[in-house]
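Asker: Fold the following, please.
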Amino acid sequence: MPAPEVYCNIISSNQIRQLQERLDSFRIDIERAPVLENNSQILTYRDDKRLATFNNLKLQKTKRFDNTIPVLEEKCALLFHVQILINNQMECIWALSKPVVQASHSNQERLADATIFWMNNFPNETDEPFTVQQSVSCENLKAALVHEFNIRTNFLLHAVNIEYISK
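Answerer: Numbers count the residues shown, from 1 in each chain. All right, here's what the predicted structure looks like:
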């Protein structure tokens, strides 16, 4: 039997809600979704892990899910899905990425980064996808900024930098 193929698609927050409501039937309309290039990879087995690496995943054609809201307010996620034979029955296994935002112009990149930063660091504790806290304490914001800086630069912020952020 050939190795299964993992597929990656962009789906909207409404589609995520539908997916969560109907866990028993995996059906997502991806016809209106943005087109991804190199969106399938063979599932490989390494060290008791199953892997599919999407090194060259590229947004080929942007499509809006909802033209009534600004592009940066339209939240999406990457849906990774694969069909695997388990005990002689085909099962669909899927996972969602953290939130993503499609920026249609380079001048939107900073706002998109800020949106993703806030969504990843301050989500609401609900099942509703992409809902965030409207406000957070200065301490929580400072901790999130320090963490983000460390991840992106592989350097620690100095006390003087943290003090500056606090002001």
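Asker: Helix or strand for Phe149, just tell me which one.
Answerer: helix 138-153 (DSSP states H and E).
Asker: what sits up against stretch 40-54?
Answerer: Residues outside stretch 40-54 that contact it (Cβ atoms under 8 Å, 6 or more residues apart in numbering) are Ala3, Pro4, Glu5, Val6, Tyr7, Cys8, Asn38, Asn39, Phe80, Val82, Ile84. C-betas here are computed from N, CA, C, even on glycine.
Asker: Not counting sequence-adjacent ones, nearest residue to the third one?
Answerer: Okay, so that is Glu5. Nearest non-adjacent residue to Glu5, counting by Cβ to Cβ, 6 or more residues apart in numbering: Ser40, 5.1 Å away.
Asker: Just list whatever residues bridge to Ile84.
Answerer: Counting by DSSP bridges, Ile84 is bridged to Glu91.
Asker: neighbours of it, just the number please.
Answerer: 14 (other Cβ atoms under 10 Å).
Asker: Could you report the pLDDT at it?
Answerer: We have a pLDDT of 88 for Ile84.
Asker: swap in the one 4 residues further on?
Answerer: The predicted local distance difference test score for Asn88 is 90.
Asker: try Ala144
Answerer: 92.
Asker: Enumerate every residue touching it.
Answerer: Phe117, Asn121, Phe122, Val136 are the contacts of Ala144 under Cβ under 8 Å, 6+ apart.
Asker: which of those residues tops the neighbour count?
Answerer: Asn121 (17 neighbours).
Asker: That one and Asn140, how far apart?
Answerer: Counting by Cβ to Cβ, to the nearest Å, the gap from Asn121 to Asn140 is 8 Å.
Asker: do the same with Glu91
Answerer: Distance from Glu91 to Asn140, by Cβ to Cβ: 39 Å.
Asker: that older thread, counting contacts, what elements does the next helix or strand after the helix holding Phe149 pack onto?
Answerer: Next helix or strand after helix 138-153 toward the C-terminus (DSSP H and E): helix 159-166. Helices and strands touching helix 159-166, by 3 or more Cβ pairs under 8 Å, 6 or more residues apart in numbering; DSSP states H and E, are helix 138-153.
Asker: For the chain, just list every one of the helices.
Answerer: 13-21, 109-121, 138-153, 159-166 (DSSP state H).
Asker: tilt between the longest one and helix 159-166?
Answerer: Using axes from the mean of the first three to the mean of the last three Cα atoms, to 10 degrees, the interaxial angle of helix 138-153 with respect to helix 159-166 works out to 130 degrees.
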